[in-house]
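Student: mind looking at a prediction? Sequence and model below.
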Amino acid sequence: MSNTVTHQMDNAVDKQRQAWYTLPVDQVEAGWETSMQQGLTSEEAARRQTIYGFNELTSDSGPQWVRVLARQLLDLMNWIFLALGVASYALADYVTGSVLVALAVGNVYLSFSQEYAAEQTLAALRSLSSPVASVVRDGKISKVASRELVPGDILVVESGDSVPADARLFFVSNLEIDEALLTGESVPVVKQLLDLERPDEPLGDRVNMIYSSTIIPKGRGQAIVTATGMNTEIGKVASKLDENKDGDMTRLQKSLNKMYTVLIVASVLCVLIVLASVKFQANYDVGMYSMTAALSVLPAGLTTVMTVTLVLGGKEMTNQKAIVRKLKCLETLGSVTNIFSDKTGTLTMAKMVVVRFWMPDAGFFYVQPNGLAPVGNVYPTNGLTDQVNELDGQGNAIDTQQVSPAMTSLVQCAALCNMSSIHRHKDGQSSSASSVDQASSLTVPIDEKEAANVDTPTDQQKKPTGTVDDEDADEWVANGAPTEVALQVFAHKFGMGKPELLAHGWSVVQELPFDSSIKRMSTVCVKDQSAVVYTKGAAERILPLCSNLADDQRKSVLSVMDDLAANGLRVMALAERSLPNVTLDQVKTMARDNLESNLTFLGLTGIYDPPRPESRQAVDEAHRAGILVHMLTGDHEITATAIAKEINILDDKTMSKERLRALVMTGTQFDAMTDDEIDQLDQLPLVVARCSPETKVKMIQASKRRQNISAMTGDGVNDSPSLRIADVGIAMGKNGSDVAKQASDIILTDDNFATIIRAIAEGRRIYQNMQRFLLYYWICLFGVALLVLVCLAVRDPSGKTAAPLSTLQILFLYIVVTPPAGALSVQPASKTVMIEPPRPPTESIFNKEIIMDTIAYGLMLTILCIISFFVPLYTVGGHGVQGVDCDSDYQPGLCDAFFRARGSLLVTASLGYLFVMVHCRSFRNVEWDWEGLKTTLHSKTLMITVVLDIVFLCIFMYIPAVAIKGFRQLGITWEWGLTVALILFYIAYGEFYKLCKRKFMKPLHRHPTLPGITSV
């Protein structure tokens, strides 16, 4: 039975992967045993569901907690803790064993909970498939969940839909599909009912197919579903993506693993040294000394503090609109040297808007872009001035409610020669606005009832109010082609959007759709029985049809068009023709060439996808941080260059023309270069236009060969390979594909480039704090380990070594260390964090200065601890260790000096650790001046730790049962004064050491100079 099921499933897969685009529609219909008129029956659809499964990607089942947990178990220190815990249990030291096991389990839990929460958030962000789909079943159109689609279903799609499955078209009406997620092509593909011949036809050229997860900006169609789920084109890509990257380790992980290996070896050596000192004749006391020696060089709380640091950093990143899927990428993010960013939607708003228009008699105007929000001031300008940011607030904005007749005609043309619509979300859901039905508008006038159903801006919205924030702009939703949407938003800013015009008596009685051969479209509109033809299209095709322009005027218009295009704008010409004595019946019989003749030229509009307001500032901040920003886009070279100049990726004020030409390439030019030729370039291009997914992969590989640390953004399925190989892959959360999100390390929930810069700043803060608390741990470990080894010289009367610290004292010191380390891990970023260049890619987190600080601070701490131990042991009534095996058999009088010395050492070490933390807050800045003292006193963690340490020290020293049987120590008296004196000396020593570093070492902070950015 199982073999039959397997064979049936294999046949189902093979059938879905046939080249259905090469067959005539009737053969496709017969092949899937369906009917284009009646569709499948409900019973047949249910039967096929059992064969073909649900229409969903297998990865959509939700986060795989086992895989996330397995990643946490790769941390070497967790296994070290467990091993030492077992050893502690073997020595009957159950307290130590329990603490170490708890540390390991707690660390795994913290890491797992954060990454699993990120995966759950990712699952909630999935947006590949439409929640519902329109299909023909049982002879009628019905709505079904898109996951319930099966091959053979008759799919009905229209403008605004996301295609739920792969399907073969058999009916289209002005259907265009945005296939950028699959092909990277930014221009929508016009679908046609052609029979293709080549089975190997490139996906982008299969004009008779529609594919899952692509978007329909315009038109409608019907198709036979040919593949669902993992058998769709997007499913094939998803199936090829494994989790290889999960096994990759960041440089921090590699450094820490090397450190752990060194510490394990050091731990073993310490144990051997202790055992060798007693000629391997061990008893309980020697065994506990060995355990103390082993623990003294192992940072028991380090992994936990590091995990908490990354978890808190991940949560802070979430607040900054960046979801961290893999915690360990945070430290890599802080060392990024190059950002390779998409343009559309990341650097720009991903919303085409009219930003310029020109009229023959009135000149140039600038329109404030606010995405789809129909608000924004309109300013007259003296030519194509670049100082548009200075226009706002100057008081020269025109009153858009009182404009000239010529401008009114231009705006009405933009609104009525237009099949798009915009509407506003209400209470999280789309309002009941509906776009003009494209099929009915061909021949049927739109009545006022239909117009009333279209959402119109309120009076407040119609009034120009300048800019709006992203949240307000995101409240608006558009249906239709991007260019038409831009013109519709433009018209709304004047209070003359299509819904308003329809409500005031206008009606669209005929549409002459856009034709790529003549590059224009027209509508015939009627008001008060007077008909007007409105036409828009390419200027070179509209101007010959205009009768109000002389030859020299046409040349002038073309010159203006060239100027607009040179600024990266998509130029649209608008014209009209009045038909005062023509009846509606006559209009319907007139030929298109006749209707689109004797036009009156109205003006030109310049349309483009404007940069986000914060993009330029973010790019400048990246440059100050020593990070190069590269724009990789599918747009044309002129548009890409214009945007790059506007946001300062390219600076034409400081760069020569030759330099600009060298830094701008097309994808074709870059792909044609060999790796050797690319490596010989002075600098990788800052702008790559008409960029393919392969170009992005090649660019990342070239950057890696230069030893750069690269962050790559992407949203499409075809971006997943470059996201995989980048050091930090960043996917778009709003408009990105699910496959891209799965391939990424970080997901931007707002698709905003500025969020990347904030994430890098957070990454740098996290890395700085890691260095701080790693330095802190190293100082503490070095001091204690050295102390333990030096104190091997201390012997009891039987010649056996006497440990300077008991096991519980060591554990107490670990507890004392952890809160200050945690406080260091959440320190705010230094003021210079984003004006420092990225650290060298080859630099270890344990750089020369950290090693030098470890020795300088740690050695002095060891000396002070030795003083605090030996003074009570051998002076002021102390005569050394006089008792034998004091740990296992306390002898009053004989062990008192030894136990009191231990108490003095514990007080000095525990309080000394707290003041070490203050020194570690910065590498060179003064921390014990007035400002630093205020910071210290305002640190709740540090103050509470000081108080609790003193309280617990008193409990552990002055309650005899706890002191003698638990901690193997006694209370101190005059030794408190010794401890205070040693701590004050240590504070002065640390400040003197930092003064020497400031005087003799090269400054940490320097302003970076980027090749081609701040110098030419």
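Tutor: Alright, I've got the coordinates. Every value quoted in this text rests on a predicted model; they were computed, and no experiment measured them.
Student: rest of the way, CA atoms for contacts and neighbours
Tutor: OK.
Student: which regions of the stretch 201-350 of the chain sit below the pLDDT cut-off?
Tutor: Applying pLDDT under 70 to the stretch 201-350 of the chain flags residues 238-254, 256-257, 277-279, 281-308, 327-328.
Student: contact partners for Ile709?
Tutor: Ile709 is in contact with Thr332, Ser335, Val336, Thr337, Asn338, Ser703, Asp727, Pro841, counting by CA atoms under 8 Å, 6 or more residues apart in numbering.
Student: Val150 too?
Tutor: Ala45, Arg48, Gln49, Tyr52, Gly53, Phe54, Asn55, Val225, Ala227, Thr228.
Student: mind doing that once more with 7 Å?
Tutor: Going by CA atoms under 7 Å, 6 or more residues apart in numbering, Val150 touches Ala45, Arg48, Gln49, Tyr52, Val225, Thr228.
Student: okay, the second one and Phe357: tell me how far apart.
Tutor: When you say that, I think you mean Arg48. Note on Arg48: its distance to Phe357, by CA to CA, to the nearest Å, is 55 Å.
Student: quick one: which of those two has more around it?
Tutor: Neighbour count, other CA atoms under 10 Å: between Arg48 and Phe357, Phe357 has more, with 23 against 18.
Student: tell me the secondary structure for that one?
Tutor: For Phe357, the assignment made with DSSP: H, G, I helix; E, B strand; the rest coil gives strand.
Student: nearest residue to it in space, ignoring adjacent ones along the chain?
Tutor: Counting by CA to CA, 6 or more residues apart in numbering, Thr605 is the residue found nearest to Phe357 once chain neighbours are left out, at 4.2 Å.
Student: what's the answer for Phe782, then?
Tutor: Distance criterion CA to CA, 6+ apart; nearest residue to Phe782, sequence neighbours excluded, is Gly858 at 5.6 Å.
Student: check which helix or strand the one you found maps to.
Tutor: Using DSSP states H and E, Gly858 maps to helix 848-874.
Student: elements contacting that helix?
Tutor: Counting contacts by 3 or more CA pairs under 7 Å, 6 or more residues apart in numbering; DSSP states H and E, helix 848-874 packs against helix 753-790, helix 896-919.
Student: can I get those in TSV with mean neighbour count, distance to Tyr534 and mean pLDDT?
Tutor: Shown next, in TSV, are these (neighbours: other CA atoms under 10 Å; distance: least, CA to CA, whole Å; pLDDT from 0 to 100):
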stretch	mean neighbour count	distance to Tyr534	mean pLDDT
helix 753-790	24	39	84
helix 896-919	25	74	88
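Student: tell me which of those sits nearest to Gln27.
Tutor: Taking CA to CA, helix 753-790 is the member of the helices and strands packed on helix 848-874 nearest to Gln27, at 48.2 Å.
Student: downstream of the helix or strand where Glu331 lies, the next helix or strand is which one?
Tutor: Glu331 is located in helix 329-333, with elements delineated by DSSP H and E. Per DSSP H and E, the first helix or strand lying C-terminal to helix 329-333 is strand 338-341.
Student: strand partners of that next one, parallel vs antiparallel please.
Tutor: Strand 338-341 has the following strand partners under DSSP bridges: strand 628-632 (parallel), strand 710-714 (parallel).
Student: most tightly packed of those strands?
Tutor: Mean neighbour count (mean count of other CA atoms under 10 Å) peaks for strand 710-714 among the strands paired with strand 338-341, with a mean of 29.
Student: let me know the angle separating it from helix 753-790.
Tutor: 140 degrees (axes from the mean of the first three to the mean of the last three CA atoms, to 10 degrees).
Student: low-confidence ranges in the stretch 801-950 of the chain?
Tutor: 841-842.
Student: let's see it at 90
Tutor: 801-851, 869-903, 911, 913-946, 949 (pLDDT under 90).
Student: picking that back up, return the list of helices and strands in contact with the helix holding Glu331.
Tutor: Contacts defined by 3+ CA pairs under 7 Å, 6+ apart place helix 329-333 against helix 753-790.
Student: for the helix or strand just after the helix it packs on, packing partners?
Tutor: Once the chain leaves helix 753-790, the next helix or strand it forms, by DSSP H and E, is helix 807-825. Helices and strands touching helix 807-825, by 3+ CA pairs under 7 Å, 6+ apart, are helix 284-296, helix 302-319, helix 753-790, helix 896-919, helix 940-958.
Student: need these in TSV with distance to Thr483, can you?
Tutor: Shown next, in TSV, are these (distance: least, CA to CA, whole Å):
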stretch	distance to Thr483
helix 284-296	68
helix 302-319	34
helix 753-790	24
helix 896-919	59
helix 940-958	57
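Student: to Gly31, which of these lies closest?
Tutor: helix 753-790 (47.6 Å).
Student: now the angle from the closest one to helix 848-874?
Tutor: Using the same axes, to 10 degrees: helix 753-790 against helix 848-874 is 30 degrees.
Student: quick one: helix 753-790 to helix 807-825, angle?
Tutor: Going by the same axes, to 10 degrees, helix 753-790 makes 150 degrees with helix 807-825.
Student: this completes my enquiry, with thanks.
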